[in-house]
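> Just the structure for this:
(chains A and B)
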Amino acid sequence: MAKTLFQKVWEAHTVRKLPNGQTQLFIGTHLIHEVTSPQAFGMLRDLGLKVKYPHRTFATVDHIVPTNELKEPYSDPIAQEMIEALRKNTKDYGIRFFDTTTGTQGIVHMVGPEQGITQPGTTIACGDSHTATHGAFGAIAFGIGTTQVRDVLATQTLALSPLKVRRIEVNGKLAPGVYAKDVILHIIRVLGVNGGIGYAYEYAGTTFDGFSLEERMTVCNMSIEGGARCGYVNPDQKTFDYIKGKPYAPKAADWDAAVARWASFASDAGCQYDDVKVFKAEDIRPTVTWGITPGQAVFIDEKMPALETLNAADRQTAEDAYAHMKLSPNTPIKGTKVDVCFLGSCTNGRISDLREAAKYLKGRKVSPSVKAIVVPGSQLTAIQAVHEGLDKVFTEAGFEWRGAGCSMCLAMNPDKLVGDQLCASSSNRNFKGRQGSQTGRTVLMSPIMVVAAAITGQVADAREVFKV
Amino acid sequence: MSLAKITQVKALALAVPGDDIDTDRIIPARFLRCVTFDGLGEHAFRDERTGPDGKERPHPMNSAQAARIAAAKKGVMVVGFNFGCGSSREHAPQSIWRFGFTALVGGSFAEIFFGNSTTLGVPCLTLSKEDLAECDAFVRANPDVEVTVDVEKLTVSAGAKTWKASIAASARDGLVNGKWDPIADLLEGAEPVAKTAAGLAYVAGK
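As a prediction, this is how the structure comes out:
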């Protein structure tokens, strides 16, 4: 019988059926960070349990790490305490830790792929909802709560129910100035922020075939914003090429067998999906959010929706959103004044994002009214960017060049909006207060659109600014 | 470990309206700067409840009803659709539970939030859109009437009203049988786990 990748991975990792009807699922790879793991280690100690498969858990620090001071002790004592707690926990239990001093630290969803830990046909869990990022490699990867982090540490398994699979096909070539970020923002806008509840999203079609792994990661990353706990792309030659040579990639004699195994996990031709949605790449234009959920988005050259065009439930959320964002219905979002520009995050903090942004920024200046920061997602990305001279391009233009971490995506470190500042952000969430100020405002967009906003001091159409 | 069988929650209720209430709104990220869940209860919905000027805002969580629930350490929160979306932070259901809520009733719940709540022994039941509107209106109009969330019979009732509710079968099974925390079951499976691990080339180190 023809099967989806989801079904094949699920079956390969099924341990047994639990009395409540759920599946005990083996988690091949467990990723942890400083924010959602300390309580789990506490529970483990309270219960007198050990870490069952310590070599299958990998740790790094990302959420709370300051990006503007690289030496310890940090001036934020809580950051120091949380990092020390993870150092102790990983040492006590024999877990590999990609620490700040190793040159390999970074956002957990960047470290996995960079190290070759993220592989096709595997199950990956992490106490972070953007774990779906790893689905770009054909893995079933999803976020979990802290009690579940405990479950994985103690047993390397989770109690879960299978998801339905929705195939989301995007076919054709994206127009110049349109990026993977626009594709996922568009998908979420059309299918809704709760459209994916109960589903795994399989992204497919010629647009995805043409995407690099980094572009696929950008899309899979935001599956959760569409309500889907995981999203994936079937593995192909590009996937294998990306993994080859990475530190944790299978070596020499094991390589060919691994590739054959990985390829076998791809969804079979003729397999059944619970739902299929099809998009045309040429219909997608640069997309920005205007509200307080990632689904409240418009093309940059559209007006924000008039309230009377919305149904009752959406209208209520929209009224709330317009009030918070200090924006008006049925007006263009283009031209809205921007105070802060944030380039980074597990959605768009990779080397290809920095290269593309730098390409358009080179020789230009950040508007004097804008504070712009660029935060490479990982130390390896930062090192590569410096090697290519990208840091100079950013700093000469007026961006602040920072150390690696999550930074202003969720503002757990000192990188925060102040008051009702409006931030043009390459991150993934525009929730109220998300970027560290209760009244702060977030407009999500692609990296090149962030650069366009930084230069012009307003929400701008990068296609016009850069004549692409 | 032995856990209570959660078949029914009977308590005062509070309506916290709105769809797509994300976990950042339930517990802002600055409260994640901690290594335990202690003390999260008082900060549930902090930025919805308190303005930037530090003054209380009109919000259901600031009401006398909320205070009664906090004092009783039991209560039912009636919410909208896609409640708990966004970040996977267990700090969100932990803060709601530590505030005093012991059951939630809504239109739909984001999956990770739902799982995190169930594992805490906090049932999240869903009602149809029409029934939810009726339940919400009833709760606002009758703050002194206890609401019964029946996990076994799959109903939510208050006064003379009874609404048909639903919850994932596995979650219901875990709650009513006192096995809502799966750790005991998962630990029991150590032998088949080892077998599965041995069959996975990447885990076995091949």
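> Show the pLDDT at the residue nearest to the spatial centre of chain B.
By C-alpha atoms, centre = their mean, chain B has its centre lying nearest to residue B:117, at 4.5 Å. Per-residue pLDDT puts residue B:117 at 98.
> again with residue A:253
What the model reports for residue A:253 is a pLDDT of 87.
> Which element, helix or strand, includes it?
Taking DSSP states H and E as the definition, residue A:253 sits inside helix A:252-264.
> Just checking that helix against chain B, any contact.
Yes. If you take C-beta under 8 Å from any C-beta of the partner chain as the test, helix A:252-264 does meet chain B, through A:254, A:257-258, A:261. For the C-beta atoms, the positions are set from N, CA and C on the backbone; glycine is no exception.
> Where does pLDDT dip in chain B?
For chain B, applying pLDDT under 70 flags the ranges B:1, B:206.
> Check it for its longest helix and report it.
Criterion DSSP state H: the longest helix present in chain B is helix B:129-141.
> Quick check: buried residues in stretch A:55-75?
A:56-67, A:69, A:74 (16 or more other C-beta atoms under 10 Å in any protein chain shown).
> end to end, how far does that stretch reach?
Start-to-end span of stretch A:55-75 (C-alpha to C-alpha, to the nearest Å) is 33 Å.
> can you give me the mean pLDDT across that stretch?
95.
> any idea how far the nearest residue to residue A:413 once chain neighbours are set aside is from residue A:373?
Leaving out its chain neighbours, the residue that sits closest to residue A:413 by C-beta to C-beta, 6 or more residues apart in numbering or on different chains is residue A:66, at 5.0 Å. According to C-beta to C-beta, to the nearest Å, residue A:66 and residue A:373 sit 12 Å apart.
> can you give me the helices in chain B?
Under DSSP H, chain B gives helices at B:23-26, B:46-49, B:64-72, B:91-99, B:111-119, B:129-141, B:169-176, B:183-188, B:190-198, B:201-204.
> one step back: for the residue nearest to residue A:413, what are its contacts?
By C-beta atoms under 8 Å, 6 or more residues apart in numbering or on different chains, residue A:66 lies in contact with A:74-76, A:79, A:403, A:405, A:413-414.
> likewise residue B:15?
B:60, B:78-79, B:136, B:139-140 are the contacts of residue B:15 under C-beta under 8 Å, 6+ apart.
> ditto for residue A:459
A:288, A:300, A:333-336, A:338, A:424, A:443, A:445, A:453.
> Could you rerun that using 10 Å?
A:288, A:290, A:300, A:327, A:332-338, A:422, A:424, A:443, A:445, A:449, A:452-453 (C-beta atoms under 10 Å, 6 or more residues apart in numbering or on different chains).
> With residue B:123 instead?
Listed by C-beta under 10 Å, 6+ apart, the contact set of residue B:123 reads B:6-9, B:76, B:102-105, B:114, B:117, B:149-151, B:165, B:167, B:171-172, B:174-176, B:180.
> try 6 Å
Shown in contact with residue B:123 (C-beta atoms under 6 Å, 6 or more residues apart in numbering or on different chains): B:103, B:151, B:175.
> With residue A:141 instead?
By C-beta under 6 Å, 6+ apart, the neighbours of residue A:141 are A:124, A:131-132, A:134-135, A:230.
> let's see 10 Å
Per C-beta under 10 Å, 6+ apart, neighbours of residue A:141: A:9, A:27, A:29, A:31, A:109, A:112, A:118, A:122-126, A:130-135, A:200, A:220, A:223, A:229-232.
> now, which of the residues you listed lie close to chain B?
A:27, A:29, A:122-123, A:126, A:130-131, A:229-230 (C-beta under 10 Å from any C-beta of the partner chain).
> Can you tell me which of these has the largest number of neighbours?
Counting neighbours by other C-beta atoms under 10 Å in any protein chain shown, residue A:126 leads these with 31 neighbours.
> Would you check that residue A:331 makes contact with residue A:325?
No. If you go by C-beta atoms under 10 Å, residue A:331 and residue A:325 don't touch, sitting 11.6 Å apart.
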